[in-house]
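A.B. asks: Just a sequence and a predicted model for now, questions to come.
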Amino acid sequence: MPEKIDLSQIIKRGIAEFSPESKIEKVGVVVESGDGIIHIAGLPNAMAGEMIDFPNGYTGMVFDLEREIAQAVLFGPHTAVREGDFARCTGRVMQVPVGDALIGRVVNPLGQPIDGGGEIKTTKFRPVERLAPGVIDRQPVNQPLQTGYKLIDALIPIGRGQRELIIGDRATGKTTLAIDTIINQKGQDVICIYVAIGQKASTIANQISRLKEYGALDYTIVVAASAGDSVAYQYIAPYAGCAMGEEFMLNGRDVLIIYDDLTKHAQAYRMISLLLRRPPGREAYPGDVFYLHSRLLERSAKLRPEAGGGSMTALPLVETQLGDVTSYIPTNIISITDGQIFLETDLFNAGIRPAVNVGISVSRVGGKAQVKAIRQIAGRLRLDLAQYREKQAFSLFASEVGEETRQQLRRGALMTEILKQDKHLPLPVEDQVIVIYAATTGVLDEIDLAKVKSAEKRLINFVYEQAPELKPKLAAFSAETESRLKELMQKFKESI
């Protein structure tokens with residue numbers, strides 16, 4: 001006979017074992033929603049920058065706190081949240097996932113994958129906004145970050161931990177220069193982050209395919225906020241990319257971050273500010289637009305070993321109108337960064353690539369961020385180019401020029417030709433040393449300008465064939481190395 005079940009005992013045991021758990025949720029109600037700006041009533045304890053959960057899995061961020069109303073920006077379609085919907089506080093300020101799991105992935109500014117590669121498995125998160133490292137935690141920038149471009153590495157060097165602005169009109173090669181710098185970091189133990197802000201989705205896809213083609217996506221994180229995304233995404237994208245980079249920097253690793261571009265970022269912030277009815281100032285930008293970019297770019301640094309020991313190098317891009325570097329956003333960012341590389345439309349159209357105007361481009365770190373060889377041999381290069389620009393302008397109006405001027409014009413034209421470089425073909429620093437040394441010592445002076453490119457390739461191959469043991473010694477450039485290189489240059493000159 002089956003044993004009787006005493007239901008009353010089971011119920012009593014269940015009641016005895018039950019321990020009530022209380023959960024408090026701060027819930028508000030959406031009173032107005034439009035253009036990606038959400039007005040929420042009933043969240044008196046919300047924090048500035050706090051993440052807010054809306055129905056259907058959408059997220060927002062508190063932007064303004066008024067007496068009765070909290071205003072948030074929505075990360076998602078404008079129509080996703082409606083009047084009467086509930087809004088829940090998360091108790092967390094805006095944060096994104098960070099760590100090695102993101103390397104090689106394409107994510108949106110919330111750190112969610114958009115490349116079809118599956119879930120990103122990481123337990124680490126960092127706030128998107130963070131105070132920049134203090135002066136005590138920093139150390140001088142003295143380690144080069146090679147772009148692979150002879151002109152930039154020789155004349156406008158970039159160091160690890162520096163902030164170097166790339167500025168110019170549209171279609172002058174700014175993004176190409178940034179992408180090539182990422183490609184050149186292959187094997188250099190540098191984590192790269194490419195932040196695309198407000199570009200067409202097809203353009204971003206092209207950049208991603210370019211990185212894949214050259215094997216650069218293996219050490220790169222792409223944070224994409226396209227023109228079709230909400231302005232909130234475009235606003236938060238650079239801060240999210242910066243937070244991802246800080247995780248590596250604070251763990252002793254070197255990071256290169258590209259912000260492409262901060263003009264569109266400022267425009268997104270202007271749109272949000274005007275929708276929030278903040279007072280417009282110059283060009284309708286809000287008064288804190290300078291702080292918008294300074295608090296972002298100041299987070300790039302080279303840290304002391306005690307503070308983490310890593311570095312984050314920032315290359316912000318800014319678009320100008322008809323070469324006007326004196327307009328509002330360009331002057332703001334020029335004053336924040338440690339130098340600028342100015343790309344000029346006229347040079348680009350004349351076939352000089354990269355189209356860098358050496359006259360107003362500058363690096364405020366200078367020779368400290370160069371390998372010894374380039375530092376020793378590049379001085380003559382700048383002098384030759386400066387003399388060439390001056391004499392070239394003068395010769396346009398002169399009926400005849402002297403022999404000395406003709407020689408300087410010839411030499412300047414040769415230098416300009418040598419410094420030209422095709423896109424997506426960055427040059428290793430050892431190859432740069434060989435070419436620049438040959439140019440400054442007059443080895444290539446007799447070569448026809450049309451044949452300079454082929455002569456350059458022949459010269460590099462000649463040096464490595466004749467003295468393969470020289471390659472690892474070129475960057476250090478000892479007296480012995482220079483003497484051997486001089487011999488090889490003389491042999492090459494005789495063989496032409």
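C.D. replies: Happy to help now that I have it.
A.B. asks: from here on, contacts and neighbour counts on C-alpha atoms
C.D. replies: Noted.
A.B. asks: what about stretch 467-475, how long is it end to end?
C.D. replies: Terminal residues of stretch 467-475 lie 15 Å apart, using Cα to Cα, to the nearest Å.
A.B. asks: who does the helix or strand containing Ile334 touch, helix- and strand-wise?
C.D. replies: Ile334 belongs to helix 328-336 when elements are defined using DSSP states H and E. Under the contact criterion of 3 or more Cα pairs under 8 Å, 6 or more residues apart in numbering; DSSP states H and E, helix 328-336 touches strand 165-168, helix 289-297.
A.B. asks: mind listing what's buried in that helix?
C.D. replies: 329-330, 332-334, 336 (16 or more other Cα atoms under 10 Å).
A.B. asks: how much space between the closest residue to Val29 other than its chain neighbours and Ala467?
C.D. replies: Distances taken as Cα to Cα, 6 or more residues apart in numbering put Phe86 closest to Val29, at 4.7 Å, once the chain neighbours are dropped. As defined by Cα to Cα, Phe86 lies at a distance of 73 Å from Ala467.
A.B. asks: Same check on Ile329?
C.D. replies: Ile329 is 50 Å from Ala467, by Cα to Cα.
A.B. asks: ok, back up a step: kindly calculate the angle that whichever helix or strand comes after the helix holding Ile334 makes with helix 328-336.
C.D. replies: Beyond helix 328-336 in the direction of the C-terminus, DSSP H and E gives the next helix or strand as strand 339-343. Angle, strand 339-343 to helix 328-336, by axes from the mean of the first three to the mean of the last three Cα atoms, to 10 degrees: 140 degrees.
A.B. asks: can you tell me the average pLDDT over the next helix or strand after strand 339-343?
C.D. replies: Where DSSP H and E defines the elements, the next helix or strand beyond strand 339-343 is helix 345-349. Averaging pLDDT along helix 345-349 yields 93.
A.B. asks: would a markdown table of the helices and strands packed on helix 328-336 with distance to Leu383, mean pLDDT and mean neighbour count be doable?
C.D. replies: Formatted as a markdown table, those follow (distance: least, Cα to Cα, whole Å; pLDDT from 0 to 100; neighbours: other Cα atoms under 10 Å):
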| stretch | distance to Leu383 | mean pLDDT | mean neighbour count |
| --- | --- | --- | --- |
| strand 165-168 | 23 | 98 | 27 |
| helix 289-297 | 32 | 97 | 18 |
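A.B. asks: could the ones you listed be laid out in JSON lines, adding distance to Phe492?
C.D. replies: Listed next are those as JSON lines, based on distance: least, Cα to Cα, whole Å:
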{"stretch": "strand 165-168", "distance to Phe492": "37"}
{"stretch": "helix 289-297", "distance to Phe492": "46"}
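A.B. asks: Tell me which of these lies nearest to Arg210.
C.D. replies: Evaluated over the helices and strands packed on helix 328-336, closeness to Arg210 peaks at strand 165-168, with 19.8 Å, by Cα to Cα.
A.B. asks: The closest one pairs with which strands, parallel or anti?
C.D. replies: strand 311-319 (parallel), strand 339-343 (parallel) (DSSP bridges).
A.B. asks: winner for burial among those strands?
C.D. replies: strand 311-319 (a mean of 27; mean count of other Cα atoms under 10 Å).
A.B. asks: Work out the gap between stretch 404-412 and the centre of the chain.
C.D. replies: Relative to its chain's centre, stretch 404-412 lies at 38 Å (Cα atoms, centre = their mean, to the nearest Å).
A.B. asks: Also stretch 76-88?
C.D. replies: Relative to the mean C-alpha coordinate of its chain, stretch 76-88 is positioned 33 Å out (Cα atoms, centre = their mean).
A.B. asks: Need the distance between the two termini of it.
C.D. replies: Span of stretch 76-88 from end to end, Cα to Cα: 16 Å.
A.B. asks: before we move on, the earlier item: show me what contacts the residue nearest to Val29?
C.D. replies: Phe86 is in contact with 27-30, 54-55, counting by Cα atoms under 8 Å, 6 or more residues apart in numbering.
A.B. asks: swap in Pro426?
C.D. replies: Counting by Cα under 8 Å, 6+ apart, Pro426 has contacts 147-149, 180-181, 183-184.
A.B. asks: Show me the contact partners of stretch 226-234.
C.D. replies: Applying Cα under 8 Å, 6+ apart, the contact partners of stretch 226-234 are 36, 73-78, 108-109, 196-201, 204, 225, 264-265, 268-269, 271-272.
A.B. asks: which secondary structure elements does the lowest-mean-pLDDT helix or strand in the chain contact?
C.D. replies: Across the helices and strands of the chain, mean pLDDT, DSSP states H and E gives its lowest value to helix 379-395, namely a mean of 76. Packing partners of helix 379-395 (3+ Cα pairs under 8 Å, 6+ apart): helix 403-419, helix 429-440.
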